[in-house]
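Colleague: how does the following fold in three dimensions:
(one chain, ligands or ions: 1)
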Amino acid sequence: MIEKLDPRAAGARRLKDKVCIVTGAGQGIGRAIARRLGQEGGKIVVADRIDEGARRTLKDLQDLGVGAVKVIADLSTLSGAQDMMAEAVKAYGRIDVLVNNVGGTIWMKPFHLYTEEETQQELERSLLPTLWGCNAVLPIMIKQESGCIINIGSQSVRGLYRAPYAASKGGILAIGKVLAMEYGRYGIRVNTVSPGGTDIPDRLTPRLQIRPGEMAEDLEKEEGDRYREEMSADIRAQQSLGRRGLPEEHAAAVAFLASDDASFITGDVINCSGGQS
Ligand SMILES: NC(=O)c1ccc[n+]([C@@H]2O[C@H](COP(=O)([O-])OP(=O)(O)OC[C@H]3O[C@@H](n4cnc5c(N)ncnc54)[C@H](O)[C@@H]3O)[C@@H](O)[C@H]2O)c1
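Modeller: Numbers count the residues shown, from 1 in each chain. A predicted model of the protein is given here:
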């Protein structure tokens with residue numbers, strides 16, 4: 001499957017010399033996106049707050065002969081997002097594509113069991129990095145009179161036990177629509193790729209790590225396992241293709257939207273979910 005998706009086999013170079021930032025590129029879907037955009041000719045800015053993952057992705061790209069730099073930033077703050085943009089511009093002089101990929105639920109449990117602090121941490125993980133990323137890149141793209149933003153949503157907007165995460169991802173759908181309307185006049189396209197349940201075999205940083213080195217508390221194992229199993233069964237039942245996705249499959253959708261093949265597509269959503277949507 002992965003070989004079939006390898007764009008080098010088809011000679012695709014749709015992003016030749018485009019400067020592409022991928023956030024949360026140290027592992028999982030972000031890492032696959034960084035590789036795919038690089039294989040399609042992009043120059044890649046690998047952004048993450050964890051150096052170990054960012055270094056690994058940078059090495060992947062260098063091994064593929066792709067021009068790339070890494071930026072370590074906490075993207076849950078506007079200043080983190082602004083610093084990342086400044087580093088990208090310093091390295092390559094412009095930003096053609098921003099993929100806001102940072103996110104992912106921390107807890108899975110019924111909403112009444114979330115504390116106020118946990119709810120805020122979910123928004124900090126899955127909504128704010130996209131909001132700040134867009135806010136920080138828009139002035140640069142307006143000046144360029146071109147640019148492409150792709151935000152990573154989720155099928156969780158209709159899934160069990162992740163209400164604050166779902167609220168974040170619902171927010172991301174709204175951001176995509178509204179910013180497409182506001183910034184199309186500057187030649188800026190904004191779209192969303194919404195993955196369904198996906199296997200992440202290369203995860204170095206667990207979802208429960210709320211800050212570098214700091215793990216969140218979870219429910220008692222038995223109770224936590226029960227909610228996780230119910231949530232997974234619900235996802236399995238929704239995926240018409242009868243399997244979970246691969247990071248490379250989401251990367252293929254992102255590469256399409258980032259390329260000129262999607263030049264007339266904005267404010268739209270690709271549900272890359274095996275039929276879950
Ligand atoms: N895996 C799935 O099943 C699935 C399904 C639907 C949607 N998604 C979405 O896809 C995206 C990627 O998911 P994944 O499973 O690959 O995630 P992941 O948790 O495996 O990786 C996320 C990466 O983001 C980095 N990160 C987290 N917070 C950060 C911050 N504040 N600043 C900078 N970097 C930060 C982490 O260090 C990590 O490298 C997320 O937006 C997630 O919500 C995933």
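Colleague: residues in contact with the residue lying closest to residue 224 once chain neighbours are set aside?
Modeller: Spatially, and ignoring its direct neighbours in sequence, residue 224 is nearest to residue 218 (5.3 Å; Cβ to Cβ, 6 or more residues apart in numbering). No exception for glycine: its C-beta is placed from N, CA and C like everyone else's. Residues near residue 218 by Cβ atoms under 8 Å, 6 or more residues apart in numbering: 107, 208, 224.
Colleague: tell me the phi and psi of the spatially most central residue of the chain?
Modeller: Against the mean C-alpha coordinate of the chain, by Cα atoms, centre = their mean, the closest residue is residue 101 at 1.5 Å. For residue 101, the backbone dihedrals (degrees, to the nearest 10) come out as phi -110, psi -20.
Colleague: so who does it touch?
Modeller: 22-25, 29-30, 33, 152 are the contacts of residue 101 under Cβ under 8 Å, 6+ apart.
Colleague: how far away is it from the ligand?
Modeller: The spacing between residue 101 and the ligand, counted by Cβ to the nearest ligand atom, to the nearest Å, is 5 Å.
Colleague: before we move on, what about residue 199?
Modeller: In this view, residue 199 and the ligand are 7 Å apart by Cβ to the nearest ligand atom.
Colleague: with residue 64 instead?
Modeller: 19 Å.
Colleague: quick one: secondary structure of residue 234?
Modeller: helix (DSSP: H, G, I helix; E, B strand; the rest coil).
Colleague: that one and residue 160 touch, don't they?
Modeller: Yes: using Cβ atoms under 8 Å, residue 234 makes contact with residue 160 at a distance of 5.2 Å.
Colleague: residue 137 touches residue 98, doesn't it?
Modeller: Yes: Residue 137 lies in contact with residue 98 (Cβ under 8 Å); the separation is 4.8 Å.
Colleague: who's more crowded, those two?
Modeller: residue 98 (33 against 23; other Cβ atoms under 10 Å).
Colleague: phi first, then psi, for the more buried one.
Modeller: Torsion angles, degrees, to the nearest 10, at residue 98: phi -120, psi 120.
Colleague: and residue 251, by the same measure?
Modeller: Dihedral angles (degrees, to the nearest 10) for residue 251: phi -60, psi -40.
Colleague: who touches it in this structure?
Modeller: By Cβ under 8 Å, 6+ apart, residue 251 lies in contact with 5, 29, 32-33, 35-37.
Colleague: the lengthiest strand in the chain: partners in the sheet, and parallel or antiparallel?
Modeller: Counting by DSSP state E, the longest strand found in the chain is strand 188-195. According to DSSP bridges, strand 188-195 forms sheet pairs with strand 147-152 (parallel), strand 269-272 (parallel).
Colleague: and the next element down the chain from the helix or strand where residue 61 lies?
Modeller: Assignment of secondary structure by DSSP states H and E places residue 61 within helix 51-63. Downstream of helix 51-63, the next assigned helix or strand under DSSP H and E is strand 68-72.
Colleague: what's the following helix or strand past that next one packed up against?
Modeller: As assigned by DSSP H and E, the chain's next helix or strand after strand 68-72 is helix 78-92. Where contact means 3 or more Cβ pairs under 8 Å, 6 or more residues apart in numbering; DSSP states H and E, helix 78-92 is packed against strand 19-23, strand 43-48, strand 68-72, helix 128-144.
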